[in-house]
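**Q** Everything below, folded, please.
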Amino acid sequence: MTRHALVLAGGAGRRFGGGKLLADWRGRPLIVWSVETALAAAVDDVVVVVGCRADEVRAAIGARTDPRLRLVQAPDWAEGLSASLRAGVAALPHDAGSLAIFLGDMPLVDPASAAPLFEAVEAGAVAARLDHTEGPAHPVVFGRALFADLLQTRGDRGARALLAGRGDVAAFGTTDDRAIFDVDHPEDLARALE
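**A** Have a look, this model is predicted:
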């Protein structure tokens with residue numbers, strides 16, 4: 001069973017005012033941090049899904065030579081987060097056993113936090129999630145049993161609704177604020193530096 005990661009980076013960043021993933025943070029474009037986080041996780045493959053300003057996002061990611069890294073286009077990215085999710089799941093190899101979802105605007109996620117989630121899925125959970133006292137955290141790992149459901153998601157929302165009320169989802173508590181920090185507005189970039 002192979003482990004994979006998706007970095008969802010297709011949105012327009014409207015609340016930010018546009019160009020969010022290209023914004024400078026600590027000397028590099030924001031998207032670079034999330035891509036490097038996914039690459040640092042124990043995964044066989046990293047798919048970055050681009051959409052809005054795709055050429056600029058591709059250029060920001062640059063000439064990284066890690067053979068595990070692939071970029072795919074979500075042609076219907078304007079539909080919202082689910083379009084990027086569908087494009088990423090569709091790009092997985094046929095032997096993919098599980099996948100971790102990382103978001104392009106969450107630069108501080110601990111890559112090691114994915115390991116126990118993958119292990120829970122490999123032990124029989126259909127998915128595994130992190131719960132923070134302030135709400136849902138990332139990454140979230142989905143097993144192969146939910147891939148078809150992920151391909152059916154619609155609208156500007158992720159896949160957490162697929163996990164609601166299920167007894168076969170492993171939940172892990174975390175106090176790590178990095179697992180919930182995301183960039184929605186320009187002032188969030190400054191807040192992250194404090």
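**Q** Can you list the buried residues in stretch 138-154?
**A** Neighbour counts over stretch 138-154 (16 or more other Cβ atoms under 10 Å) mark His138, Pro139, Val140, Val141, Phe142, Gly143, Arg144, Leu146, Phe147, Leu150, Thr153 as buried. Where C-beta positions appear, they are placed from N, C-alpha and C, glycine not excepted.
**Q** wait, what's in contact with the last one?
**A** If a contact means Cβ atoms under 8 Å, 6 or more residues apart in numbering, then Thr153 has Ser82, Leu85, Arg86, Ala159, Leu162 as its contacts.
**Q** can you do 7 Å?
**A** Residues near Thr153 by Cβ atoms under 7 Å, 6 or more residues apart in numbering: Ser82, Leu85, Arg86, Ala159.
**Q** can you check the third one too?
**A** Contact partners of Val140, counting by Cβ under 7 Å, 6+ apart, are Ile101, Ala127, Arg129.
**Q** Give me the contact list for stretch 155-170.
**A** The contact list for stretch 155-170 (Cβ under 7 Å, 6+ apart) reads 80-82, 85, 120, 125-129, 136, 142, 146, 149-150, 153.
**Q** if you look at these, which of them are in strands?
**A** In this view, those that belong to strands under DSSP state E are Ala127, Ala128, Arg129, Pro136, Phe142.
**Q** the strands in the protein, which residues?
**A** Under the criterion DSSP E, the chain contains strands at 2-9, 24-25, 28-29, 45-50, 69-73, 96-103, 127-132, 135-143, 169-174.
**Q** Turn those into CSV, columns for mean pLDDT.
**A** As requested, the strands of the chain are exported to CSV (pLDDT from 0 to 100):
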stretch, mean pLDDT
strand 2-9, 96
strand 24-25, 90
strand 28-29, 93
strand 45-50, 96
strand 69-73, 95
strand 96-103, 97
strand 127-132, 96
strand 135-143, 95
strand 169-174, 96
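**Q** of all those, which lies closest to Val109?
**A** Proximity to Val109, assessed across these by Cβ to Cβ, is greatest for strand 135-143 (5.5 Å).
**Q** Low-confidence regions, this protein specifically.
**A** For the chain, the stretches with pLDDT under 70 are 192-194.
**Q** Pro116: what's it in contact with?
**A** Pro116 is in contact with Phe172, counting by Cβ under 7 Å, 6+ apart.
**Q** quick revisit: ok, of the buried residues of stretch 138-154, which one's closest to Asp182?
**A** His138 (8.3 Å).
**Q** I'd say that closest one and Met106 touch.
**A** Yes - using Cβ atoms under 7 Å, His138 is in contact with Met106, at 5.7 Å.
**Q** That's all I had, so thanks and see you.
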